[in-house]
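Asks: the amino acid sequence is not available; the structure is as follows:
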């Protein structure tokens, strides 16, 4: 009897064990969403659905949502980083149906487009119930006249019309409009197009039409519903072809390689499709409606390499303005700039950042936004530029000018400063090279020993004097050297230790002058320098000194050049820049230009930190 009771208790405990209660495997869904318009979820319907689906199982379904642009989500799909994706119809057609991904993803359902509310929707779109389709509409500023197709063509040909599209992969904001224009005989020139990356920004740009310009925009048919304040500033341009093309709404697809695909489909069937007002419903015809759309827009010439669209500064600005509008309290908008290294090549960043700052100010004025560089990082020369950017020196003309002057004032002759040992070695070696050339010339043109000595010491003294003069006389040979970089580098190398080259040449010339004066004396024959000794000395100097330099650099020196030159140049340039910045913002700054470089740099750093100018 005790054995029976023990068995029953064991069964009960086994049934109540947590591993039994959690036998159902947790469902993980990596979901990608194209953020073409405020995360496609202004009313929070998608978030509520995901929350409801998550709580429908025990353990809860885990949704890892990755929001990105058309290009980003398409890349994630191709890289196998997503289990499912919510795409626009245009993104699905261009990014999946017309690519090698077509067989890798399965259609699941279509998203409800919602009952149309705005003045541009058709009566069919205003009906209650699940809406699978929507249309594209053309709009212009209310102050413009009604245009015929011929007038539109003339405006485009004369470059009087600016056309605002959403994105090359947007069905209602680019693909169907191009098809509609093509069917009335208009090939849309790319120079007339500006991509705004948001239906809202298309509405705002057309509404703000500048005086003397004409604008045309394309958006989805109910885009104005959330922007009633713009309705009086806009009007519809009737293009019959637009209403004839039904655009299926956003599509939910899943990877055929997704291990939990069947469990995910069952979850949608039981808790999404069966809702009283479902946000998603599968089409009885599968993805046929999207295949029909693909067939309609197929005649359009697909842009080459469209998934790697290069953006100009204006296009990037539109992306930034769109991203800031999508910012939330939990996901605030932050603009970061990464400045690469590259030494003197980083000078280009002055002009690049200045152009970015000017355009951000233009965008803020145009859109009422507050775009600003919130974070800047850099390496090497980029790190040097990160300081003025973080101080906002690049935001006003005087600051941009003095920042540019910091770079244009840099002189390589002052920056490259090897150690004293390296300079002495290099200087003496250059002197030995010159002495070798002079000696060979004397052997070639002077046969007698006495005349050879005179030729040698005169040339050495002359070269030494000229080299000394070049050190002290302000002489810049760059114009004489032309644009040949090899000559410029050769000149800079010859300048390393030039004072020691001059001293060595003068010393050698003086020694040979003394020898030439006394060598012919009958009692001073021992002072006559033998040819073999000269050859040995020149060989040791020309070949041995580079070896000594190599040993010095390898063992005793950490770098070829010390940091003294660049520190001094930056201290001078940044002192001027900080003084201009202090005057611009009415800040007190006193720097002693005669103080040691290290002390001055420390004072500048303390001033920056104390006044919180970063």
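Replies: Yep, it's here. These figures come from a predicted structure and were not determined experimentally. Numbering: from 1, shown residues only.
Asks: CA only for contacts and neighbour counts going forward, please
Replies: OK.
Asks: for the helix or strand encompassing residue 338, packing partners?
Replies: Assigned by DSSP states H and E, residue 338 belongs to strand 336-339. Here strand 336-339 touches strand 375-378, helix 381-390, going by 3 or more CA pairs under 8 Å, 6 or more residues apart in numbering; DSSP states H and E.
Asks: give me whichever of the ones you listed is most buried.
Replies: Comparing the helices and strands packed on strand 336-339 by mean neighbour count (mean count of other CA atoms under 10 Å), helix 381-390 ranks first with a mean of 20.
Asks: hmm, back to that, need the helices and strands packed on strand 336-339 in a markdown table (columns: mean pLDDT and distance to residue 169).
Replies: Converted to a markdown table, the helices and strands packed on strand 336-339 look like this (pLDDT from 0 to 100; distance: least, CA to CA, whole Å):
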| stretch | mean pLDDT | distance to residue 169 |
| --- | --- | --- |
| strand 375-378 | 88 | 31 |
| helix 381-390 | 86 | 35 |
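Asks: now these as TSV including distance to residue 44?
Replies: Formatted as TSV, the helices and strands packed on strand 336-339 follow (distance: least, CA to CA, whole Å):
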stretch	distance to residue 44
strand 375-378	30
helix 381-390	37
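Asks: for the protein, what's the longest helix?
Replies: Taking DSSP state H as the criterion, the chain has its longest helix at helix 420-445.
Asks: would you mind listing the buried residues in it?
Replies: Residues 422-436, 438-439, 442 are the ones in helix 420-445 that count as buried (16 or more other CA atoms under 10 Å).
Asks: equivalent analysis for stretch 68-81, please.
Replies: Of the residues in stretch 68-81, 68-74, 76-78 count as buried by neighbour count, 16+ other CA under 10 Å.
Asks: of those, which belong to helices?
Replies: Per DSSP H, those map to helices at 70-74, 76-78.
Asks: for the residues you listed, give me a markdown table that also has pLDDT and distance to residue 400.
Replies: Output for these, formatted as a markdown table (pLDDT from 0 to 100; distance: CA to CA, whole Å):
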| residue | pLDDT | distance to residue 400 |
| --- | --- | --- |
| 70 | 80 | 36 |
| 71 | 81 | 34 |
| 72 | 86 | 34 |
| 73 | 90 | 38 |
| 74 | 87 | 39 |
| 76 | 92 | 40 |
| 77 | 92 | 43 |
| 78 | 90 | 43 |
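Asks: any idea which helix or strand of the chain has the worst average confidence?
Replies: Within the chain, no helix or strand scores below helix 18-21, which has a mean of 42 by mean pLDDT, DSSP states H and E.
Asks: following element in sequence after that one, please.
Replies: strand 28-34.
Asks: packing partners for the helix or strand where residue 598 lies?
Replies: Counting by DSSP H and E, the element that carries residue 598 is helix 597-610. If you count contacts as 3+ CA pairs under 8 Å, 6+ apart, helix 597-610 packs onto helix 564-584.
Asks: and the helix it packs on, what's buried?
Replies: 564-566, 568-582.
Asks: ditto for stretch 98-107
Replies: Neighbour count says stretch 98-107 has 105-107 buried, by 16+ other CA under 10 Å.
Asks: give the contact list for the nearest residue to residue 360 once chain neighbours are set aside.
Replies: Spatial nearest neighbour of residue 360, excluding adjacent residues (CA to CA, 6 or more residues apart in numbering): residue 371 at 6.0 Å. By CA atoms under 8 Å, 6 or more residues apart in numbering, the contact list for residue 371 reads 320-321, 324, 335, 360-361, 363-364.
Asks: rewinding a little: from the ones in helices among the buried residues of stretch 68-81, which single one is nearest residue 113?
Replies: residue 70 (19.1 Å; CA to CA).
Asks: correct me, but the closest one touches residue 34?
Replies: Yes: with contact defined as CA atoms under 8 Å, residue 70 reaches residue 34; the gap is 5.8 Å.
Asks: quick one: pLDDT of the residue nearest to residue 436 when sequence neighbours are not counted?
Replies: Excluding the flanking residues, the one nearest residue 436 by CA to CA, 6+ apart is residue 538, at 6.4 Å. Looking at residue 538, its pLDDT reads 83.
Asks: now swap in residue 480 and tell me
Replies: On pLDDT, residue 480 comes in at 65.
Asks: and for the one 4 residues further on?
Replies: At residue 484 the predicted local distance difference test score is 67.
Asks: now swap in residue 271 and tell me
Replies: On pLDDT, residue 271 comes in at 91.
Asks: adjust the sequence numbering to begin at 289 for everything that follows.
Replies: Sure, I'll start numbering at 289, so the last one becomes residue 559.
Asks: count the neighbours of the nearest residue to it once chain neighbours are set aside for me.
Replies: Nearest non-adjacent residue to residue 559, counting by CA to CA, 6+ apart: residue 341, 6.6 Å away. Neighbourhood size, residue 341 [other CA atoms under 10 Å]: 20.
Asks: in which helix or strand would I find residue 341?
Replies: Assigned by DSSP H and E, residue 341 belongs to helix 333-342.
Asks: and that helix, what's buried?
Replies: Here helix 333-342 shows 334, 338, 341-342 as buried, counting by 16+ other CA under 10 Å.
Asks: elements contacting it?
Replies: Helix 333-342 packs on strand 350-356, helix 549-559, going by 3+ CA pairs under 8 Å, 6+ apart.
Asks: turn these into a markdown table, including distance to residue 739.
Replies: Shown next, in a markdown table, are the helices and strands packed on helix 333-342 (distance: least, CA to CA, whole Å):
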| stretch | distance to residue 739 |
| --- | --- |
| strand 350-356 | 84 |
| helix 549-559 | 99 |
